[in-house]
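Peer 1: What shape does this take:
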Amino acid sequence: MPASPTRLEREAAFHDRAFAERTRSAAGKFYAVTASSKGLYRELILRDCAGREVLEYGCGTGSHAFELAARGARVAGIDISPEGIAQARRRAAAEGLEDRLCLQVMDAEALEFPDQRFDLVCGSGILHHLDLERALAELCRVLKPGGRAVFFEPLGHNPLIALYRRLTPRLRSADEHPLRWGELQLIARHFARARFCFFHLSSLLAVPFRRLPGFGVLLGGLEALDRLLFRVPFLRKQAWIVVVELEGPV
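Peer 2: Reported below is the predicted structural model:
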């Protein structure tokens with residue numbers, strides 16, 4: 001009897017299929033409300049990026065590696081999916097970024113880079129696929145002493161969001177799980193400074209109206225309400241997305 005696929009093999013197969021068949025496009029409607037969280041993530045990773053050594057986890061064709069490279073960063077992009085890297089290499093060649101952007105199939109839990117290589121490590125929707133203990137050890141190893149890490153991740157406490165996930169299993173891999181509060185605390189313990197910015201609770205109510213006039217006004221009002229709600233520590237756990245900014249690996 002053939003051996004069962006390992007967790008990494010399952011993840012690679014899932015993401016190969018996702019890149020080839022665009023299987024996650026059905027969830028795109030929910031990302032219509034994420035301009036504020038994505039905007040903060042983008043602002044943090046592009047800040048003073050020219051001339052920096054940057055590592056991006058999860059480097060497919062829709063990643064930020066291309067913009068980082070175009071703005072003067074020297075970027076290493078990795079992904080567990082050979083298909084994702086193949087697509088990213090084609091885009092890099094088409095945009096003339098091959099001299100500033102090195103793309104490799106690699107496991108984020110066993111990085112093939114020397115110690116203290118990078119000024120910045122970033123990734124969107126990646127940490128919740130990983131064994132955090134192993135991934136954090138590698139993250140701290142490859143960051144320079146004053147280096148930063150920035151991540152955009154889903155949280156796992158909101159029961160309605162959890163119900164949607166259970167009802168749509170084909171949109172995610174069998175081994176992933178959204179981050180929980182204890183995992184945020186674990187992440188923070190590996191860095192001298194950690195900041196967590198929470199997004200999207202009441203603003204999720206705007207999703208059904210995303211194609212209607214006035215969507216922006218509605219979304220802006222609900223995001224203002226979210227900012228008030230997230231002043232309450234318990235309600236931060238109910239957010240959909242957290243943007244994680246880390247500095248000074250310990």
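Peer 1: helix/strand/coil for the nearest residue to A70 once chain neighbours are set aside?
Peer 2: Of all residues not flanking A70 in the chain, L97 sits nearest, at 6.5 Å (C-beta to C-beta, 6 or more residues apart in numbering). For every residue, glycine as well, the C-beta is placed using N, CA and C. The three-state assignment at L97 reads coil, by DSSP: H, G, I helix; E, B strand; the rest coil.
Peer 1: And E176, by the same measure?
Peer 2: Here E176 is recorded as coil under three-state DSSP.
Peer 1: cool, and P208?
Peer 2: Three-state call for P208 (three-state DSSP): helix.
Peer 1: Counting by contacts, list what the helix or strand containing L68 packs against.
Peer 2: Per DSSP states H and E: L68 is located in helix 65-70. On a contact count with 3 or more C-beta pairs under 8 Å, 6 or more residues apart in numbering; DSSP states H and E, helix 65-70 meets helix 35-46, strand 53-57, strand 74-79, helix 82-94, strand 101-105.
Peer 1: out of those, nearest to E133?
Peer 2: With C-beta to C-beta as the criterion, E133 lies closest to strand 53-57 of these, at 16.1 Å.
Peer 1: Now do the helix or strand of the chain with the lowest mean pLDDT and strand 74-79, the angle between them.
Peer 2: Here the helix or strand of the chain ranked lowest by mean pLDDT, DSSP states H and E is helix 7-21, holding a mean of 71. Helix 7-21 and strand 74-79 are oriented at 100 degrees to each other (axes from the mean of the first three to the mean of the last three C-alpha atoms, to 10 degrees).
Peer 1: Within the sheet, what are the partner strands of the longest strand along the chain, with directions?
Peer 2: In the chain, taking DSSP state E as the definition, the longest strand is strand 143-154. Strand partners for strand 143-154, identified by DSSP bridges, are recorded as strand 118-124 (parallel), strand 241-249 (antiparallel).
Peer 1: still on that earlier bit, can you tell me which of the helices and strands packed on helix 65-70 is nearest to L8?
Peer 2: Taking the helices and strands packed on helix 65-70 one by one with C-beta to C-beta, strand 101-105 is closest: 11.0 Å.
Peer 1: From E43, how far out is the nearest residue to L46 once chain neighbours are set aside?
Peer 2: With sequence-adjacent residues excluded and distances taken as C-beta to C-beta, 6+ apart, L46 is closest to R71, at 6.4 Å. Distance of R71 to E43, computed by C-beta to C-beta, to the nearest Å: 13 Å.
Peer 1: Look at these two and report which has more neighbours.
Peer 2: R71 (16 against 11; other C-beta atoms under 10 Å).
Peer 1: quick one: contacts for L55?
Peer 2: Neighbouring residues of L55 by C-beta atoms under 8 Å, 6 or more residues apart in numbering: V75, A76, G77, I78, L111, F113, R117, F118, L120, V121, C122, V142.
Peer 1: Is it bridged to anything, and to what?
Peer 2: If you apply DSSP bridges, the partners that L55 bridges to are A76, V121.
Peer 1: quick one: it from L212, how far?
Peer 2: According to C-beta to C-beta, L55 and L212 sit 40 Å apart.
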